[in-house]
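Peer 1: coordinates only, sequence not included:
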């Protein structure tokens, strides 16, 4: 403390404010450096993808190619490679998985939260126990099961094991539990009207939970590598992450093409993030706070 | 989870009505339970059974009951121990690095700073990329000669590093790529945790003349303990199971295999390259016990914290 205790309040506060402002600029400087370090690999990947192929391996490296930038590699991988097909496979499987997780998860959570049936505590804990099973440890028996069902190299094979999400049930149940009980009084006893109450009253209320679970399920299934990699061998059935893992061996040392594939493969979710930035960040934050 | 069972069944309900309620309830949970039983519970049981057999992926019928032989074999298998160690080492390197950097950057970004959205996007963007994109980008970054990192190293007069192929360095290279990939998630969690701390605490401390550093040390970091436990638990579980980056960087980028092969990579190798699925299953169950201990540990820690 440089400021003496006898110094007038105003000077002391001004000093502290000055110091605070200085530290804020310092913090800003450190963050700028870190952000640039973080962006360099991404910028370098985009930069490489935009270079003519011979200029990707010049030593020393250059950021601006002599022959100018070109979209040739993007054109090349979109027309010649399997990328378009992989986009389609990823979009199809992720959409179906997300829709199914939302529907089955919210139905189960509604039953557990709002229908006072006997044994629901046991059912709840059986489902929650699933949270401790990491999907990675199931690849071997799950593959045997899919093989026995004839689902290897099929969309069912990719989709089915990703549908039962205990986490989705947990998040929906927490959300339903948090809604005041008065609304439930409207529920009538017979089954058809309970289903209607679920669909017409509770699902509209659950929009924030639907957004959180939906976005996360979509991102995780879009980016899932291990399971589609295990269950798919045919190039035409690959999803984006699995397909991209094969481009290095199929393109050899054509780095502009490889980086163009990587950029195009990563692009969809980055665009999704730019659109849903607030929902995604809030989704992560609320997971954290409820954890 | 506190709400479980708190809404008791009304005892006045007539038996017939209660039976109808039961039927209703089970109809709601049934669709989920069907998928849950078929694709989660059943494989868990099947895998447990397989681990007691000499069970091959190829051919039919050649399933010989072995009892505990698979387990005895794996405990004597040096490759099992080394790959288990790689998974643990990898986790021990990644998790603390992520915690320190994510917390540090979040503390800085939490100050009154322009363009906070820019930092959020910069740090978070890699987290959205699939693992194979991460692997491809870093294979490219780590190339000798025309790789970005080595090119800059030689420019400032330092020797090149064989990031991918040197057994001494390969693990560090995967760790760097992984921290770059995952940091944004923890960063966002910390930013959210920081928003939860009431401003009045800082005002009171500022009146008492506490400097920002003192305030950070004695107010912010202790109040972020819950967030830290969560960040650590999620990062632990995500990284103990590491497969993607290591596998893709080895097969596509020549990453040194012997010094980086993780346990799940070894499971994949045994099950799907050598077709020894019984042995692979046995290995995953031993590993599962370890993961379980970690999850239970972090769960207990998390709950104990909440009671305080």
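Peer 2: Alright, I've got the coordinates. Since the model is a prediction, treat every value here as computed from it, not as a measurement.

Peer 1: contacts and neighbour counts: CA atoms only from here.
Peer 2: Fine.

Peer 1: for residue A:238, give its distance to chain B.
Peer 2: Here residue A:238 is placed at a distance of 13 Å from chain B (Cα to the nearest Cα, to the nearest Å).

Peer 1: enumerate every residue touching that residue.
Peer 2: Applying Cα atoms under 8 Å, 6 or more residues apart in numbering or on different chains to residue A:238 gives the contacts A:86, A:89-90, A:228-229, A:232.

Peer 1: just those now: which is nearest chain B?
Peer 2: Set against chain B, the nearest of the contacts of residue A:238 by Cα to the nearest Cα is residue A:229 (9.8 Å).

Peer 1: on the three-state scheme, the residue lying closest to residue A:157 once chain neighbours are set aside is what?
Peer 2: Leaving aside its sequence neighbours, residue A:157 sits nearest to residue A:151 (Cα to Cα, 6 or more residues apart in numbering or on different chains; 4.7 Å). In three-state terms, and counting by DSSP: H, G, I helix; E, B strand; the rest coil, residue A:151 is coil.

Peer 1: can you list phi and psi of the spatially most central residue of chain B for me?
Peer 2: In chain B, the centroid-proximal residue (Cα atoms, centre = their mean) is residue B:238; its distance is 0.7 Å. When quoted as degrees, to the nearest 10, the phi and psi of residue B:238 stand at phi -70, psi -30.

Peer 1: what sits closest to residue 255 if chain neighbours are left out?
Peer 2: I'll assume chain A. Residue A:255 sits nearest to residue A:56 (Cα to Cα, 6+ apart), 6.6 Å away.

Peer 1: meant chain B, my bad for not saying
Peer 2: Residue B:255 sits nearest to residue B:164 (Cα to Cα, 6+ apart), 4.5 Å away.

Peer 1: tell me the pLDDT at the one you found?
Peer 2: We note a pLDDT of 94 for residue B:164 in this prediction.

Peer 1: residue A:120 now?
Peer 2: 91.

Peer 1: ditto for residue B:74
Peer 2: You'll see residue B:74 listed with a pLDDT of 90.

Peer 1: so is the helix or strand hosting it next to chain A?
Peer 2: Element membership for residue B:74 (DSSP states H and E) is helix B:69-75. No: legend: contact between helix B:69-75 and chain A by Cα under 8 Å from any Cα of the partner chain is lacking; minimum distance shown is 15.0 Å.

Peer 1: okay, the spatially most central residue of chain A and residue B:151: tell me how far apart.
Peer 2: Against the mean C-alpha coordinate of chain A, by Cα atoms, centre = their mean, the closest residue is residue A:219 at 2.6 Å. The spacing between residue A:219 and residue B:151, counted by Cα to Cα, to the nearest Å, is 35 Å.

Peer 1: now swap in residue B:118 and tell me
Peer 2: For residue B:118, the distance to residue B:151 - Cα to Cα - is 28 Å.

Peer 1: which one's more surrounded, these two?
Peer 2: For residue B:118 versus residue B:151, the count of surrounding residues by other Cα atoms under 10 Å in any protein chain shown is larger for residue B:151: 22 against 12.

Peer 1: list the buried ones in the helix or strand that that one is a member of?
Peer 2: Under the criterion of DSSP H and E, residue B:151 resides in helix B:148-155. Neighbour counts over helix B:148-155 (16 or more other Cα atoms under 10 Å in any protein chain shown) mark B:148-152 as buried.

Peer 1: now swap in stretch B:274-282 and tell me
Peer 2: Neighbour counts over stretch B:274-282 (16+ other Cα under 10 Å) mark B:275-282 as buried.

Peer 1: what does stretch B:232-243 give?
Peer 2: Buried-residue list, stretch B:232-243, by 16+ other Cα under 10 Å: B:232-237, B:239-243.
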